[in-house]
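Chemist: With the input below, show me the fold.
(chains A and B)
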Amino acid sequence: MTSAPVVFVVDDDPSVRSSLKFLLSTVGLHVESFDSANSFLHKNPPDAPSCLVLDVRLPGLSGLDFQRELAAKKISIPIVFLTGHGDIPMSVHAMKAGAVEFLTKPFRDQDLLDAVRIALERDGARREQEKEVMILQGRFDSLTSREREVISMVVSGMLNKQIADQLGTAESTVKVQRSRALEKMHAESLVDLVRMIEKLKGPSGLR
Amino acid sequence: MDVEPRDLTEEIKRLQRCVNDLVSVLALPAMWSGGEPAHIVHTLLDALLRMLQLDLVYVRMTETGGHAPIEMVRFAQSQKQLATPHEIGDVLKQLLGTAPQEWPPLMRIPLGDRDISIVPLGLGLQGEIGVIVAGSERADFPQQTERLILSVAANQASIGLHEAWLRSEQKRVASELDRRVAQRTTELAAANEELRKEIADRKHVEEDLRSSEEKHRVIVEAANDAVVSMDERGAILLANPATKRIFGYDPVEIVGKPMTMLMPEMMRKLHENGFKRYLTTGKRHLNWQGVEVTAQRKDGEEFPVEVSFGELTSDGHKVFTGYIRDISERKQAEDQLRASERNLQMTQAELARVSRLTTMGELAASIAHEVNQPLTGVINNGSACLRLLANHNLEPEVLRRALDGIVADGTRASAVLARIRAFIRKEQAEKDPLDMNKVIQEVLALAGRELYENQVLVDHQLTTDLPFVLADRVQLQQVLLNLIMNGIEALIAVTDRPRLLWVQSRIDESGDVLVAVSDSGTGFDLEVDRVFTPFFTTKAKGMGMGLSISRSLIESHGGRLWATPNSPHGAVFSFTLPATVRSPS
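Modeler: Just a heads-up that it's a prediction; the model follows:
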């Protein structure tokens, strides 16, 4: 299901674009380049680890504005910034907003390749995590409302008897519901279940 | 007597007529009373002519009693006018001579075509008044009676004329007396008036003097300035109340003390020497009309004053009076003004520097971006090729494309730089012909407070009649101010020797105007020229741009700016600018 990673290059300078593509191709990376932020936005996001190599000074929307807009659109793609003449406040701002790296042109090839590698790994990991949460969410969604109530109480550390008292049912009923929920969630132990629930509560999981 | 009765009758008639005539003659003086000699003579002649039936009667009178000489002649009515009195007088003078006393009692003279008997009769006792001449054609003239009448008439006339003369003399004397009296009276009145005026004037002068003395006293007493007099020994004779306010001394405290007590220690010797020299040679060592010196208050505080001197000799002794004005406030205001001017200048310079830097910064950013784009391309292409080469995977076609890109990017980078250089060159300064010495003076004035506060002594050796330089005044001021401020900063650390700053202007060997700013400061060890490198600084707060900018400013004016070590301490910064026409127009 997961295909080869893609590096998106957005720079208005054709020579920079083509040389970046050439450099990145030497380490076997697939590169897609754009001359503006808008043309990148028209492209459907691929189902593969990807990152953005973005020039700060762009015609129209600037690199930093673009970063802000992507965040607003909940498009989380790691960004490696390139700048012709960057100052410190600008780079701090970019890094705080989640940029992987802020490179000043001209940069060492290794610095760029390292940054791109980190960005792709980060995106790969994020994708893995998102996929796992999605699976867990599917399992969680298959639980009955009573099973969800029971496991949320179990996870918070309550004993079966306490849960039965609170729900006004027999302790044996709670035991049955608990083991069914564990089974549905593919949890091998109570510890495993707690970890899964934590993941679901994570940034892109349960609200 | 045996006389014919008819003759007798005739004789009686004749005698009667004679008696009548005599009575008439004797009555004449009554008519003459108070008359003028001319009137007397006139009536006399008329009377004689009529009584004696004369053909002519002539009179000549000498000048008497202020009356003009009279010469008159009367002819009988039957006779026509024979001659003028003067012509008659001339004939008579020829015949008779000039002295009347010597004239004969009777003569017969020819007059015109006739002969005439004439009788001259002197007027006055000796004939001194004049002469009357009666003339008739008759042969029997003068008969006895006629001679009698004539002599009586002459006597009467003499008396009348004498009286008239006396009267007129009296009148003359009286009028002369009157005139003299009047003149004297006028003179006396004038003298009196003069005297009165003199008295009034004197009074006025006295009043003036009094009021002027009073005025002067009031002025001196009320003056804002201290007024202090001293004698030839330099001892204070007098001080006005303002002295207390300005110096803190009560006038009574200082009278009799030396004038030098109002001066700071360092000034005293100078004053004494100058004063002594003045007393012996009359040569003044400073301007007496408003000179700025330092004075000292009672509490020891030194302050600037403006002093004017006056000299007066009284009773053979010289008295010197000084009018001393406290100009601390004025100085302060001047200093403040100068400081604010300098601040303004510094701010302007700073602003110019910042804006230059900002422009430079922007320019640098622009340059960086414009140049870094192609450089990025070059480096990326190069790096990629190296990687492929390392993997033995570099195909010639790939390499060719990469090299094409590299060449294109390199060309592009150099084009960017060329474009920027062309842009920078467009910035032109406003250049005017300037007097370098004037610019130096301006900048020294601007830096005055800084120099004073840091106890830096300035010595300038400015060559007069320098040719003008074509330069931007503000930029030139910035360069000079920069060099001077640098000098001051280099001198601040100096504590073991005088802090000296020399500013020199002259014409160098190639005819350029050369300015040198030297200091006795810390100087620099080696690499003298490194101070001109941008961002090089030895100062804690320095940007390291001043000298670099100064050098480029001077170079943009076609000049040079360089540094050399000063001996034994410090540094010399010199610059040259090409000389231009002598005057600005």
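
Chemist: Tell me the pLDDT of the most centrally placed residue in chain B.
Modeler: Geometric centre of chain B, nearest residue: B:Q289, 18.1 Å, by CA atoms, centre = their mean. At B:Q289, the predicted lDDT confidence score is 73.

Chemist: just checking, it touches B:S308?
Modeler: Yes. Here B:Q289 reaches B:S308: they are 5.4 Å apart, a contact under CB atoms under 8 Å. For the C-beta atoms, the positions are set from N, CA and C on the backbone; glycine is no exception.

Chemist: any low-confidence regions in the stretch 351-500 of chain B?
Modeler: For the stretch 351-500 of chain B, applying pLDDT under 70 flags the ranges B:351-366, B:420-429.

Chemist: hey, where'd the strands end up in it?
Modeler: For the stretch 351-500 of chain B, the strands defined by DSSP state E, counting those that start in this stretch cover B:432-434, B:457-462, B:469-471, B:500-507.

Chemist: Then chain A?
Modeler: A:6-10, A:30-34, A:50-55, A:79-83, A:101-104 (DSSP state E).

Chemist: Can you tell me how far A:H30 is from chain B?
Modeler: A:H30 is 15 Å from chain B, where distance means CB to the nearest CB, to the nearest Å.

Chemist: Please verify my assumption that that residue contacts A:F8.
Modeler: No. Using CB under 8 Å as the test, A:H30 is too far from A:F8 to be in contact (9.9 Å).

Chemist: Go through chain A and flag its longest helix.
Modeler: Across chain A, the longest stretch assigned as helix under DSSP state H is helix A:109-141.

Chemist: Pick the most buried one from the strands of the stretch 351-500 of chain B.
Modeler: Ranked by mean neighbour count, the strands of the stretch 351-500 of chain B are led by strand B:469-471 with a mean of 23 (mean count of other CB atoms under 10 Å in any protein chain shown).

Chemist: quick one, helices of the chain?
Modeler: No chain in the question, so chain A it is. Under DSSP H, chain A gives helices at A:14-25, A:37-41, A:63-72, A:88-96, A:109-141, A:145-155, A:160-167, A:171-184, A:190-201.

Chemist: ah, I was thinking of chain B
Modeler: According to DSSP H, the helices that chain B contains are B:5-32, B:37-52, B:85-96, B:144-222, B:242-247, B:251-254, B:265-281, B:328-390, B:396-425, B:436-446, B:448-453, B:473-492, B:546-556.

Chemist: For A:V80, which of those helices is the nearest?
Modeler: Nearest of these to A:V80, taken as CB to CB: helix B:328-390 at 13.4 Å.

Chemist: On the pLDDT front, check the residue most central in space within chain A for me.
Modeler: The structure's chain A has its C-alpha centroid closest to A:R126; by CA atoms, centre = their mean the separation is 3.5 Å. If you check A:R126, the pLDDT there is 90.

Chemist: low-scoring stretches of chain A, by residue?
Modeler: For chain A, the ranges with pLDDT under 70 are A:1-2, A:60, A:85-87, A:203-207.

Chemist: which parts of it sit against chain B?
Modeler: A:13, A:15-16, A:18-20, A:22-23, A:25-27, A:57, A:82, A:84-85, A:104-109 (CB under 8 Å from any CB of the partner chain).

Chemist: before we move on, back to that, setting aside sequence neighbours, what's the nearest residue to the residue nearest to the centre of chain A?
Modeler: A:S76 (6.6 Å; CB to CB, 6 or more residues apart in numbering or on different chains).

Chemist: State the distance from the residue nearest to the centre of chain A to B:D409.
Modeler: 35 Å (CB to CB, to the nearest Å).

Chemist: which residues touch the residue lying closest to B:A447 once chain neighbours are set aside?
Modeler: Nearest residue to B:A447 in three dimensions, chain neighbours excluded: B:I484, at 4.9 Å (CB to CB, 6+ apart). By CB atoms under 8 Å, 6 or more residues apart in numbering or on different chains, the residues touching B:I484 are B:443-444, B:447, B:451, B:501, B:503, B:517.

Chemist: Give me the distance between B:I484 and A:L54.
Modeler: B:I484 is 51 Å from A:L54, by CB to CB.

Chemist: do the same with B:R147
Modeler: Taking CB to CB, one finds B:R147 at 175 Å from A:L54.

Chemist: higher neighbour count, the two?
Modeler: A:L54 (27 against 17; other CB atoms under 10 Å in any protein chain shown).

Chemist: residue contacts, the more buried one?
Modeler: Per CB under 8 Å, 6+ apart, neighbours of A:L54: A:10-11, A:37, A:63, A:66-67, A:79-82.

Chemist: From B:E206, how far out is it?
Modeler: 106 Å.

Chemist: Likewise for A:N160?
Modeler: Distance from A:N160 to B:E206, by CB to CB: 136 Å.

Chemist: neighbour-wise, which of these two wins?
Modeler: A:N160 (18 against 10).

Chemist: Which one, of the strands of the stretch 351-500 of chain B, ends up nearest to B:L417?
Modeler: strand B:469-471 (29.0 Å).
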